[in-house]
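>>> just the structure for this:
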Amino acid sequence: MSAVRLATRWGLLLVFLTVFGVFSAWVPRFSTTGNLQDILTSQAPGIFIAYAAMLVLVVGEFDLSIGATLGISQYVVLKLVTHYGLSWGTALFVTLVIGAAIGLANAIAVVGLGINSFIATIGVATILDGLVQWISNGNSPIFGGAPHGFTTLAQTKTGGIVLPVYYALAASVLLWILLEYTVAGRQMRATGANRLAATLSGIPTGRARVTAFILAGLLSAIAGILVTARIGAADATSGPGFLLPAYAAAFLGATAIRPGFFNVWGTLIAIFLVAVGITGLQLKGAEAWVTPVFNGSVLLAAVALFNVERTQRILTRVRTPFGRVRRPRRRLA
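Take a look at the predicted model:
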């Protein structure tokens, strides 16, 4: 492996380690055990929703309703317990079904009706925002009432680390296996790479996109459940704030590990890179407006880097009809 390819593949990890080292030296409280545990604990919902964004990007679509899905899920799961008397296990199951149903609704709009994924998922997100306002009586939060068994899902520690971190690690492994080692995962990647060619090759591209949307809804619902279980309360307005960081992580992750491809481990590194940057700035005393500016800047930079990487991959690797790889020749003036 050449030095350039090695640097491209692992560059994001090196950037993460550099940023971590800078803040550790610059902010005395940054590298304390308590702060590092807080970073790990707080990122679990963000990891799940970033994976939701990534899966839909893999098949060449966008899902802008994942933040709204998280928002309605984290409110519904607690309201089913506190207002309707359901057991927390039943409420959790119903919430997961709702998340998958939202994903299916997106799939029907995009795959079945042929609506552009931007438009379709913005429409679904708007509907969900309205439904949240309805069921929350005008965005009224729910304080207390979360059963002990439910909150232990997110507050119990094992080895000094809360359980959601292990959930996120398990999800990372499962999604990695899905995308890299299963037929369904290869079909999803082929669909995103070239849908027309994949269709002509007999790949069920419609099914691949439906699968991605449903999984995205399910993962977003899990993220919402973890948010509620961690704090033992529900805030109807918290969902949309997760959308931008999720896409920033997905695009930034596509510049590492498997450059030019949306992938699990690159996304995971990107999530913690963004988290470390924001946490370090906050501990240094940065004002509240810095966080959205930082997230927006990371998203723009990530998309730009992804486009550059994809363009370079197309220009430098041209396949001949016989499958050999050669570089395009420059024309003489």
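
>>> and Ala120, how many neighbours?
Ala120 has 25 neighbours, counted by other C-beta atoms under 10 Å. Quick note: C-beta positions are derived from backbone N, CA and C, even for glycine.

>>> list the contacts of it.
Residues near Ala120 by C-beta atoms under 8 Å, 6 or more residues apart in numbering: Asn106, Ala109, Val110, Leu113.

>>> which SS class is it?
The three-state label given to Ala120 by DSSP: H, G, I helix; E, B strand; the rest coil is helix.

>>> show me what the helix or strand harbouring Ala53 packs onto, helices and strands only.
Assigning secondary structure by DSSP states H and E places Ala53 in helix 33-58. Applying 3 or more C-beta pairs under 8 Å, 6 or more residues apart in numbering; DSSP states H and E, we find helix 33-58 packed against helix 66-82, strand 161-162, helix 163-181, helix 183-193, helix 205-231, helix 243-253, helix 264-283.

>>> for the record, mean pLDDT for that helix?
Averaged over helix 33-58, pLDDT sits at 91.

>>> and what of stretch 189-199?
Taken as a whole, stretch 189-199 carries a mean pLDDT of 92.

>>> what's the first-to-last distance across it?
12 Å (C-alpha to C-alpha, to the nearest Å).

>>> where does this protein dip in pLDDT?
Along the chain, the model assigns pLDDT under 70 to residues 1-7, 309-310, 312-333.

>>> so which residue is dead centre in it?
Ala50 (0.7 Å; C-alpha atoms, centre = their mean).

>>> would you confirm that that residue contacts Phe251?
No: the criterion here is C-beta atoms under 8 Å, and Ala50 misses it with Phe251 at 10.2 Å.

>>> so who does Ile47 touch?
By C-beta under 8 Å, 6+ apart, the contact list for Ile47 reads Ala168, Ala171, Ser172, Leu268, Ile271.

>>> state the number of residues packed around the fourth one.
Neighbour count of Leu268, defined by other C-beta under 10 Å: 24.

>>> what does the last one give?
Other residues within reach of Ile271 by the criterion other C-beta under 10 Å amount to 25.

>>> tell me, how many residues neighbour the closest residue to it other than its chain neighbours?
Nearest non-adjacent residue to Ile271, counting by C-beta to C-beta, 6 or more residues apart in numbering: Ala249, 4.5 Å away. Counted with other C-beta under 10 Å, residues neighbouring Ala249 total 32.
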